[in-house]
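# have a look; sequence and predicted model below, questions after that.
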Amino acid sequence: MIRLGVNIDHVATLRNARGDAYPDPVEAAKLALKWGGDGITAHLREDRRHIRDADMPRLKALAAPLNFEMAATQEMVRIACLLKPHACCLVPEKRTEVTTEGGLDVVGHREVLAPRIARLKDAGIRVSLFIDPDQRQIEASAELGAAVVELHTGAYAHNQPGELERLQHAAGIVTDCGLELHAGHGLTYDNVTPVAKLPGLAELNIGHFLISQAVFDGLGPAVRKMKYLINCP
Ligand SMILES: CC(=O)[C@@H](O)[C@H](O)COP(=O)(O)O
Ligand SMILES: NCC(=O)COP(=O)(O)O
């Protein structure tokens, strides 16, 4: 069965918009888990635009797998090593971007990434790298000792020609390299099925669409429907 990691970042976006304490991303996480989510993903951005430091230990206390998305900075590595989540997914970050625009350049940042990945692994954290579906990036991820790669599906979600084929080709390389295959970004009810059929896929991380759909259907039913779609034969 393909696992669904529910990204609750944008519950925090809504909370922060008015500076109140609601909606609480931790309550959303509880609901997502109750309705079939297999784990929670949260991205503590350097600018704290959505998830905040105080959210992270509360999410960890839920006793479900927590996938801590973060930039590979010294500050974030320090926070992660104290928190000890189930997994850390290293993502690229630009202060001015609206959302994560591309994958991490593992090839170009080997020297910086190697000791930070090693530190996370020494703390007992599973390391995942959020990368574009590119052979060199996948091979470099394996060489640096990542356990997982999460393929960035943003270009596919924006209907860029050839992106599904690129993801399919990359999926084979990921499993040949002995890495666990995850995927995510920009996935919706309408575009998720071909991604869910990537050979060897273990997990999808989906957030913005589910939180948006919750306005109409409620978060629980939205999670349940997505879980059904990603495991449909
Ligand atoms: C890395 C990633 O894809 C997620 O973190 C997701 O995009 C939600 O966070 P942002 O919308 O802030 O990028
Ligand atoms: N890593 C991708 C993720 O967590 C969710 O991305 P999105 O569905 O919010 O675009």
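All right, it came through fine. Ligands and ions are numbered 1, 2, ... in the order given.

# from the chain's centroid, how far away is stretch 59-74?
Distance of stretch 59-74 from the chain centroid (C-alpha atoms, centre = their mean, to the nearest Å) equals 10 Å.

# my bad, stretch 71-91
Distance, centroid of stretch 71-91 to centroid of chain: 13 Å (C-alpha atoms, centre = their mean).

# and for stretch 188-199?
Distance, stretch centre to chain centre, for stretch 188-199: 16 Å (C-alpha atoms, centre = their mean).

# so in terms of bridging, what pairs with the residue positioned nearest the centre of the chain?
Nearest to the geometric centre of the chain sits residue 205, at 4.9 Å (C-alpha atoms, centre = their mean). For residue 205, the beta-bridge partners under DSSP bridges are residue 5, residue 184.

# what sits against it?
Listed by C-beta atoms under 8 Å, 6 or more residues apart in numbering, the contact set of residue 205 reads 5, 6, 7, 41, 67, 89, 150, 182, 183, 184, 185. To be clear about C-beta, it is placed using only N, CA and C from the backbone, and glycine gets the same treatment.

# help me confirm that the last one comes into contact with residue 163.
Put plainly, it is residue 185. No. Counting by C-beta atoms under 8 Å, residue 185 does not reach residue 163; the two are 11.6 Å apart.

# give me the common contacts of the two.
In contact with both residue 185 and residue 163: residue 153, using C-beta under 8 Å, 6+ apart.

# when these two are compared, which one has more neighbours?
The neighbour comparison of residue 185 against residue 163 (other C-beta atoms under 10 Å) goes to residue 185, with 26 against 18.

# from residue 102, how far out is that one?
10 Å (C-beta to C-beta, to the nearest Å).

# which neighbours do these two share?
By C-beta under 8 Å, 6+ apart, residue 185 and residue 102 have these common neighbours: 152, 154.

# what about residue 198, how many residues nearby?
Close neighbours of residue 198, defined as other C-beta under 10 Å, add up to 24.

# apart from its chain neighbours, what residue comes closest to it?
residue 171 (4.2 Å; C-beta to C-beta, 6 or more residues apart in numbering).

# could you measure from that neighbour over to ligand 2?
According to C-beta to the nearest ligand atom, to the nearest Å, residue 171 stands 16 Å off from ligand 2.

# any idea which helix or strand carries that residue?
Using DSSP states H and E, residue 171 sits in helix 163-176.
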